[in-house]
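Novice: Have a look; sequence and predicted model below, questions after that.
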Amino acid sequence: MHTTRVSDGHARLVLGASILTCLLIAMGGIVCATESGEACPDWPGCYGRAVPPLQINAIIEYTHRLIAALTTPFILAAAFVTWRRARGIRWLMRPLLLVIPFLIAVITFGALTVLRGLTPPWAAVDLGSALIVGALVVTAAVVARVLRDSPDRLPRPSLAAPLARLSLAATAAVWAVYVSAVLVAGSGSVTRCVGWPMLTIVPVDRAGWGQPARLALAAIAVLLIVLLVVRSRHDTGGQRAVRRGAGIAGLLLAAEIAVGLAILAGGATAFLLVTHVVLAVALWAALVATTVLAAFGPQ
C-alpha cells in the first residue's frame, strides 16, 4: 500500500542512487581525461576477463564499468521502492520513472563507445543523457529528503519565484556548456571531457564559430551563477536551503575556474584534470539541487 510519507531508509536509498549516479558521471569524465576509454577494448569484460590487467588506464576504465553496474540496480531499486510505498508523491515518482529510458540510453552508448566509438553528435547525446540522469535522480533525492524531514508537506513545485527561474536558467546554461564541449572538441582534446572551458580556445579543437560561442555561453553561465549566489543572499523568503545550495555552487564554480587557470599556467596534469572533472559534476549536482529547493519554496 502506497503512502505520501518517506521513511529514513527510503530517503537513504534514493540518496545513495544519486551519489552513485554523480560518481558514475565523474568517472566517465575521468576516463575521458586520462584517455582510458580504449584501455579495455571489449565489453563488458576487459580483454575477455572479469579482472582487468594491472595497468592504470585499464583499472580506471573497468572501475567506471563497475560503478555503472552498481548504479543501475540502485536506481531501479529506488524506483521500485518508491512505486510500492510512495507512488502518490508525483515529484518523487516521476523523476525515477523518467530516468529509466535515459539510463538505458547511457548504458547503450557506453557499450557502443567501447565497441565502435561514437561520432561527436552521438557523444554529445550520450553526455547530455548522462547529465539528465543525474539531474532526475538528484531531484528525487532532494524531494525524498524534504519529505523525510517534513512528512506532512507535499511538494508543489513552481517556477513563479524569480530565484527558481534564475537557478533553472543557470542549470540549463551549464548543461549546454558541458554538452557543447563534445561538439567543438578536436580529436583527443580534453575539451570533450566534462568540465568548464579553460578561458581560452584549445588549439587542437575545431576551428570556426563553435569555440567562441561556447566561451560566450560559459560567460553567461558564470554570470547567472554569480547572480544566483547574490540574489539568494538577499532573498527574503526564508529559503535557507536555497542560500546554502547557491553558496556551494558558487564555491564550486570558483574552484573550477581556479583549477582551469592552474592547467593553463602549469599544464594539464592528471591530478588537475581529474579535479576539474569532479568539480564540474559536483557543480552540476549543486545547481540541480538548488533549483529543486527553490521551486519547492521555503523549507
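Specialist: The structure has been received and is ready for your questions.

Novice: For the chain, which helix or strand comes out least confident on mean pLDDT?
Specialist: The least trusted helix or strand in the chain, going by mean pLDDT, DSSP states H and E, turns out to be helix 90-115, with a mean of 81.

Novice: what's the next secondary structure element after that helix?
Specialist: helix 120-149 (DSSP states H and E).

Novice: and the angle from that next one to helix 90-115?
Specialist: 150 degrees (axes from the mean of the first three to the mean of the last three CA atoms, to 10 degrees).

Novice: tell me the domain boundaries of the protein?
Specialist: Per automatic domain parsing, the structural domains of the chain span 1-154, 156-299.

Novice: which secondary structure elements does the strand or helix carrying residue 273 contact?
Specialist: For residue 273, the host element (DSSP H and E) is helix 270-296. If you count contacts as 3 or more CB pairs under 8 Å, 6 or more residues apart in numbering; DSSP states H and E, helix 270-296 packs onto helix 8-33, helix 120-149, helix 162-184, helix 210-233, helix 240-266. The way it works is simple: take the backbone N, C-alpha and C, and place the C-beta from them, glycine included.

Novice: from the chain's centre, how far out does that helix sit?
Specialist: Here the centre of helix 270-296 is set off from its chain's centre by 6 Å, with CA atoms, centre = their mean, to the nearest Å.

Novice: Which pLDDT value goes with residue 62?
Specialist: Predicted confidence (pLDDT) at residue 62: the value is 83.

Novice: Over to the one 4 residues further on?
Specialist: Model confidence at residue 66, given as pLDDT, is 87.

Novice: can you offset everything so residue one is 42?
Specialist: Got it, the first residue is 42 from now on, which makes the last one we talked about residue 107.

Novice: Please report how far residue 284 lies from residue 172.
Specialist: Separation of residue 284 from residue 172 (CB to CB, to the nearest Å): 24 Å.

Novice: Wait, residue 56 touches residue 185, no?
Specialist: Yes. Taking CB atoms under 8 Å as the definition, residue 56 is a contact partner of residue 185 at 7.0 Å.

Novice: And those two? Which one has more around it.
Specialist: Taking other CB atoms under 10 Å, residue 56 and residue 185 do not tie; residue 185 has more neighbours (28 against 19).

Novice: Tell me, how many residues neighbour residue 306?
Specialist: So residue 306, with other CB under 10 Å, has 7 neighbours.

Novice: how near is it to residue 300?
Specialist: Between residue 306 and residue 300 the computed distance is 11 Å (CB to CB).

Novice: same thing with residue 216?
Specialist: Remark: distance between residue 216 and residue 300 (CB to CB) = 20 Å.

Novice: Which of the two has more residues huddled nearby?
Specialist: A direct count of neighbours by other CB under 10 Å for residue 216 and residue 300 places residue 300 higher, at 23 against 19.

Novice: give me every residue that touches the more buried one.
Specialist: 313, 316-317, 320 (CB atoms under 8 Å, 6 or more residues apart in numbering).

Novice: Please apply the same query to residue 76.
Specialist: 98, 229.

Novice: And what about it, helix, strand or coil?
Specialist: Taken by DSSP: H, G, I helix; E, B strand; the rest coil, the conformation at residue 76 corresponds to coil.

Novice: quick one: it from residue 246, how far?
Specialist: According to CB to CB, residue 76 and residue 246 sit 16 Å apart.

Novice: And residue 323, by the same measure?
Specialist: Noted for residue 323: a distance of 25 Å to residue 246, by CB to CB.

Novice: hang on, isn't residue 100 packed against residue 93?
Specialist: Yes. Residue 100 lies in contact with residue 93 (CB under 8 Å); the separation is 5.8 Å.

Novice: No more questions from me, cheers.
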